[in-house]
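>>> 3D model of this:
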Amino acid sequence: MTTQPGILEILGLAASVSLLSGWRLYLTVFATGLAMRLGAIPLPEHMEALRVLGDPWVMGVAFTAALAEFMADKVPWVDTLWDTVHTVIRPLGGALLALAVVDASDPAWQVAVFLLGGGAALLAHGGKASARAVINTSPEPISNIATSTAEDVATGGLLVLAFQFPVIAGAIALVLLALALWLLLAARAALKRLFFGRNPQSGKIVPPS
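Purely as a prediction, here's the structure:
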């Protein structure tokens, strides 16, 4: 018999999949579906909505998209274009995955988690996209590839942790979301300085002459 998760486990899992959707939506969907097919993730009854991720067609599409994302994310400026296209897709995917985790019998709980899941995915996506835009201003491709690879590893590791120890994964996800917010603000300031510069006397950001 599958042990029903507590509120902390549910919130930890929802926070984790939301964050990971903002980074690697397709990898998150494929890895979750694969784990279900292999029986590595025993789902409680109220999480049966996630079972669709194990459908062969869903897994095939997710794998193809994850492979395309893996390659696009390693190429400077192509990754920024890919991120721009997914500004809506990733938050929506994160919201839907988080929604599938909660108890379907409570509509108010569903709405709250849908909004929080989408917001978390959007924040994670924004931090990632902004940081990559700054990195792309560097002429060498090594930092871009290294950052993308680190995101791949972090996504896989946190996804495994989320289904084994969701509370711990949820706590890590909250820390990473705070980091994403910091990256978003720092990247915004860096891009302003790069494209507008600063007045050496007043220190204010001014457009180039």
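>>> Report the mean confidence score over stretch 19-32.
Taken as a whole, stretch 19-32 has an average pLDDT of 90.
>>> export it as CSV, just CAs?
Output of stretch 19-32 as CSV, limited to C-alpha atoms (Å, rounded to 0.1, in the frame of the first residue of the first chain):
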residue,chain,number,x,y,z
LEU,A,19,11.1,25.3,-10.2
LEU,A,20,12.4,22.6,-12.5
SER,A,21,9.7,23.5,-15.1
GLY,A,22,11.1,27.0,-15.2
TRP,A,23,14.5,25.5,-16.1
ARG,A,24,13.9,22.3,-18.0
LEU,A,25,10.2,21.7,-18.5
TYR,A,26,10.5,18.9,-21.1
LEU,A,27,13.2,17.0,-19.1
THR,A,28,11.1,17.2,-16.0
VAL,A,29,8.1,15.8,-17.8
PHE,A,30,10.1,13.0,-19.5
ALA,A,31,12.0,12.0,-16.4
THR,A,32,8.9,11.9,-14.3
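>>> how about that stretch: buried residues?
Across stretch 19-32, burial judged by 16 or more other C-beta atoms under 10 Å covers 19-32. For the C-beta atoms, the positions are set from N, CA and C on the backbone; glycine is no exception.
>>> Output the residues you listed as TSV; include the columns distance to Ser130 and secondary structure.
Formatted as TSV, the buried residues of stretch 19-32 follow (distance: C-beta to C-beta, whole Å; DSSP: H, G, I helix; E, B strand; the rest coil):
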residue	distance to Ser130	secondary structure
Leu19	16	helix
Leu20	18	helix
Ser21	17	helix
Gly22	12	helix
Trp23	13	helix
Arg24	17	helix
Leu25	17	helix
Tyr26	21	helix
Leu27	20	helix
Thr28	20	helix
Val29	24	helix
Phe30	26	helix
Ala31	25	helix
Thr32	27	helix
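>>> need the contact list for the residue minimising distance to the centre of the chain.
For the chain, the residue sitting closest to the mean C-alpha position, by C-alpha atoms, centre = their mean, is Gly22 at 2.3 Å. For Gly22, the contact set (C-beta atoms under 8 Å, 6 or more residues apart in numbering) comprises 90-91, 94, 120-128, 180.
>>> try 7 Å
Counting by C-beta atoms under 7 Å, 6 or more residues apart in numbering, Gly22 makes contact with 90, 94, 120-125, 128.
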